[in-house]
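Participant: Turn this into a structure:
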Amino acid sequence: MRSVLLILALAGAFARADDLVPPSWRGAPGTTFQHWSFPTADPAATPDAGLFNPYGTPFLTVNSSANWQAAALGRAGVWTLPGDPAIGAIGFLVPNALLPGAPKLVWMQVTWAALPGSSSSPRGMVVVGTTPYQLSFVGELSLPNGWKHWVLYVELPRSPSLEEVFLFPNGPLGGIYVDQVVLDTFAVPEPGTLVCATIGLAGLVLRRRSAGSVRRAER
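Facilitator: Okay, the predicted model is just below:
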């Protein structure tokens, strides 16, 4: 119990701007944390809003059709991803702990908004070698000016030394703005109750914050 409380305390210590739902295991051995807010158009940017990665320096990769804007919908530093996922995507290369016999957890927070007239939403994918793994939707928080904060999650069957995490629009129409991305990873040496606690805690936090947002809106 004491170790879980320590991990929760570390998670709070690392929390930043749009880092609204950090995983409970952040800061534990075998974890990484990287946060991009995209203040410039650098297509190979390193994390600018937070970084803890003892295994190397993560960096951004940008498809040539993605477009950076200085401001959009009241936020500064935004990537625009066209509706076609084949041409509208950004990626994140994250060096990591190599534990071939252990699973790897990937936790993504993304602050996004739909382009005008668009029905697209974000989709996340982790590629290990040539094998893609889709991130599952965990929950959503509504933010001002049409922005949303999504949490996405996937458990990989093994822990490679590098994750390639891609974000692109999911839907045939329009595209999306992306303002911030937070990525946490965990090479789990002993899978078990901590993983279940992580999912349960995140769901609880999202439900409480969403209910709070609804209550504030109704007042």
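Participant: C-alpha from now on. contacts and neighbour counts both.
Facilitator: OK.
Participant: what's the single longest strand in this structure?
Facilitator: Counting residues, the longest strand in the chain under DSSP state E turns out to be strand 175-187.
Participant: roughly how far is that one from the heart of the chain?
Facilitator: Offset of strand 175-187 from its chain centre (CA atoms, centre = their mean, to the nearest Å): 3 Å.
Participant: swap in stretch 150-165?
Facilitator: A distance of 11 Å separates the centroid of the chain from that of stretch 150-165, by CA atoms, centre = their mean.
Participant: so the residue positioned nearest the centre of the chain bridges to which residues?
Facilitator: The centroid of the chain falls nearest to Met108 when counting by CA atoms, centre = their mean (2.1 Å). The partner list for Met108 in beta bridges (DSSP bridges) reads Leu152, Leu183.
Participant: again with Ala114
Facilitator: Here Ala114 sits in beta bridges with Ile176, as judged by DSSP bridges.
Participant: I figured it hits Tyr177, correct?
Facilitator: Yes: counting by CA atoms under 8 Å, Tyr177 is a contact partner of Ala114 at 6.1 Å.
Participant: more crowded one of these two?
Facilitator: Neighbour totals were compared for Ala114 and Tyr177, and Tyr177 leads with 26 against 23 (other CA atoms under 10 Å).
Participant: Quick one: the helices in the chain, in order.
Facilitator: Taking DSSP state H as the test, the helices found in the chain are 2-14, 193-218.
Participant: among the helices and strands of the protein, which one scores worst on average pLDDT?
Facilitator: In the chain, no helix or strand scores lower on mean pLDDT, DSSP states H and E than helix 2-14, which sits at a mean of 35.
Participant: distance between the ends of stretch 132-141?
Facilitator: 27 Å (CA to CA, to the nearest Å).
Participant: Make 35 the starting number, not 1.
Facilitator: New numbering, starting at 35: the last item is stretch 166-175.
Participant: just how off-centre is that stretch within its chain?
Facilitator: For stretch 166-175, the separation from the chain centroid amounts to 9 Å (computed by CA atoms, centre = their mean).
Participant: for that stretch, which positions count as buried?
Facilitator: By neighbour count on 16 or more other CA atoms under 10 Å, the buried set for stretch 166-175 is Tyr167, Gln168, Leu169, Ser170, Val172, Gly173, Glu174, Leu175.
Participant: Now tabulate the residues you listed in CSV and tack on distance to Arg60 and pLDDT.
Facilitator: As requested, the buried residues of stretch 166-175 are exported to CSV (distance: CA to CA, whole Å; pLDDT from 0 to 100):
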residue, distance to Arg60, pLDDT
Tyr167, 22, 97
Gln168, 21, 97
Leu169, 18, 97
Ser170, 19, 96
Val172, 17, 94
Gly173, 19, 94
Glu174, 20, 95
Leu175, 20, 96
